[in-house]
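K.L.:
got a predicted structure plus its sequence, pasted below:
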Amino acid sequence: MKPQGHRFESALDVPPAGGGAPGAKGIPTLRGQDHVGVTVPDLKAAIDFFVDVVGCELITTFGPFRDDTGSFMADTLNVHPRAVVEQIALLRCRMGSNIELFQYSSPDERDAIPKNSDIGGHHLAFYVDDIEQAAAYLKQRGVTVLAGPLPVTEGPAAGQIINYFLAPWGLQLELISYPRGMAYEAQARTVLWTPKAPGV
């Protein structure tokens, strides 16, 4: 069922932002989010976790990238000039944005993972149809699963059920499900993209 007030019949009907029109808002020709990039301490271990535990597919790896004398790394990636991207991996996780994993070495590297409450804090969320089953599976695999599943019962996000979990190196991840949608949709002109209905 298409949520009330939804503007587009399919993802192909969504016009690129800007569109070249004078005064249009947003990045010209924007189509959407392509990937999320995350730096990890051990690329092989991270690939193994995302493939064997989460269920993503490794598509390709490449690298290294370095500049031993100039400022290419700082100018291009806003990192220390002598930082080295040892290797990059690109993964597809069923229906949704791709994941890009980086393994760096850098003279000024920090290994503290930000909390959600820190500036720059972040997490990756995975939509599942049965969150109880998904959380139980992660626990059986020895993954640290935080309190939940937690149903959201009030406010615009009512209808969500969430459960945070942690990758072995501490990256924050989330299971999310909203099988009957969320409360905000009843009055929304446009609804959020969701992997459960990717063409809408």
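P.N.:
That came in fine, so what should we check first? Computed from a predicted structure; not experimentally measured.

K.L.:
mind listing what the residue nearest to P151 when sequence neighbours are not counted touches?
P.N.:
Closest residue to P151 apart from its sequence neighbours, by Cβ to Cβ, 6 or more residues apart in numbering: I161 at 4.9 Å. Quick note: C-beta positions are derived from backbone N, CA and C, even for glycine. Each residue near I161 by Cβ atoms under 8 Å, 6 or more residues apart in numbering is listed here: 131, 148-152, 176-178.

K.L.:
who is I161 paired with across the strands?
P.N.:
Counting by DSSP bridges, I161 is bridged to P151, S177.

K.L.:
measure it to T29 for me?
P.N.:
Applying Cβ to Cβ, to the nearest Å, the value for I161 to T29 is 36 Å.

K.L.:
in a helix, Y137, correct?
P.N.:
Yes - Y137: assigned to a helix according to DSSP: H, G, I helix; E, B strand; the rest coil.

K.L.:
distance-wise, check it relative to N98.
P.N.:
Using Cβ to Cβ, Y137 is found at 23 Å from N98.

K.L.:
from the centroid of this protein, which residue is nearest?
P.N.:
For the chain, the residue nearest the mean C-alpha position is L124 (4.1 Å; Cα atoms, centre = their mean).

K.L.:
what about the residue in the chain sticking out farthest from the centre, which SS state?
P.N.:
Using Cα atoms, centre = their mean, the residue of the chain lying farthest from its centre is T69. It sits 33.9 Å away. Under three-state DSSP, T69 falls in the coil class.

K.L.:
can you check I88 too?
P.N.:
Per three-state DSSP, I88 ends up strand.

K.L.:
okay, the closest residue to it other than its chain neighbours: pLDDT?
P.N.:
Counting by Cβ to Cβ, 6+ apart, G63 is the residue found nearest to I88 once chain neighbours are left out, at 5.0 Å. The model reports G63 with a pLDDT of 92.
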